[in-house]
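Colleague: I'll drop the sequence and a predicted model, then ask my questions.
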Amino acid sequence: MNSLDQLKCEACRVGAPAASQEDIEAFLKSHPQWMVENVAGIPQLVRSFSFPDFATAMAFANRVGALAEQEGHHPALLIEWGKVTVRWWTHKIRHIHLNDLIMAAKTDGLAVTT
C-alpha cells in the first residue's frame, strides 16, 4: 500500500468496495493508536488525541475540519477539554473505505504539528 498520507480521496458512491480486511489490518499495524469500533453494526476507525487544554484541542479539530473540506470526506468529531475523538467511516457504504484509511493517516500528520 502506498504511503496513505500522500494519497487523495476519491469520490465514493453507494456500492463502492470497502477496504479489504488486509488493508485495514495493515493500517492498524502501522498506526497502532487507531482501532476499529462497530457502532450499530458499522465499522469505524477511531482514535482519541490528547491536548493540554480545550483551546489546543479545538485548534486541532479545526485543522481536521479544514482537511475534511479540502478532501471532501468528513469525520465525526467529539471535542472535549484536552481531547478530540475522531471517527472515520464512509456513510454511503456503511463501512471503512480506502478514503477513511487515507484520512486517518492524514489526521495523524495533523496531530504531529500540534
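Modeller: In hand now; what should we look at?

Colleague: Scan this structure for its longest helix.
Modeller: Secondary structure assigned by DSSP state H gives helix 54-71 as the longest helix of the chain.

Colleague: who touches it?
Modeller: 8-9, 49, 51, 74-75, 77, 79-84, 86, 99, 102-103, 106-107, 110-111, 113-114 (C-beta atoms under 8 Å, 6 or more residues apart in numbering). Where you see a C-beta, it was placed from the backbone N, CA and C, and this is true even at glycine.

Colleague: residues of that helix that come out buried?
Modeller: 57, 60, 61, 63, 64, 67, 68, 71 (16 or more other C-beta atoms under 10 Å).

Colleague: Buried subset of the contacts of helix 54-71, written for PyMOL?
Modeller: To isolate the buried subset of these in PyMOL, counting by 16+ other C-beta under 10 Å, use the following:
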select buried, resi 9+49+51+75+79+84+86+99+102+103+106+107+110+111
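
Colleague: now the buried residues of helix 54-71 as JSON lines including distance to residue 40 and pLDDT?
Modeller: Converted to JSON lines, these look like this (distance: C-beta to C-beta, whole Å; pLDDT from 0 to 100):
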{"residue": "57", "distance to residue 40": "26", "pLDDT": "97"}
{"residue": "60", "distance to residue 40": "27", "pLDDT": "97"}
{"residue": "61", "distance to residue 40": "24", "pLDDT": "97"}
{"residue": "63", "distance to residue 40": "28", "pLDDT": "97"}
{"residue": "64", "distance to residue 40": "23", "pLDDT": "98"}
{"residue": "67", "distance to residue 40": "26", "pLDDT": "95"}
{"residue": "68", "distance to residue 40": "22", "pLDDT": "96"}
{"residue": "71", "distance to residue 40": "25", "pLDDT": "93"}
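
Colleague: Quick check: of those, which lies closest to residue 34?
Modeller: residue 64 (13.9 Å; C-beta to C-beta).
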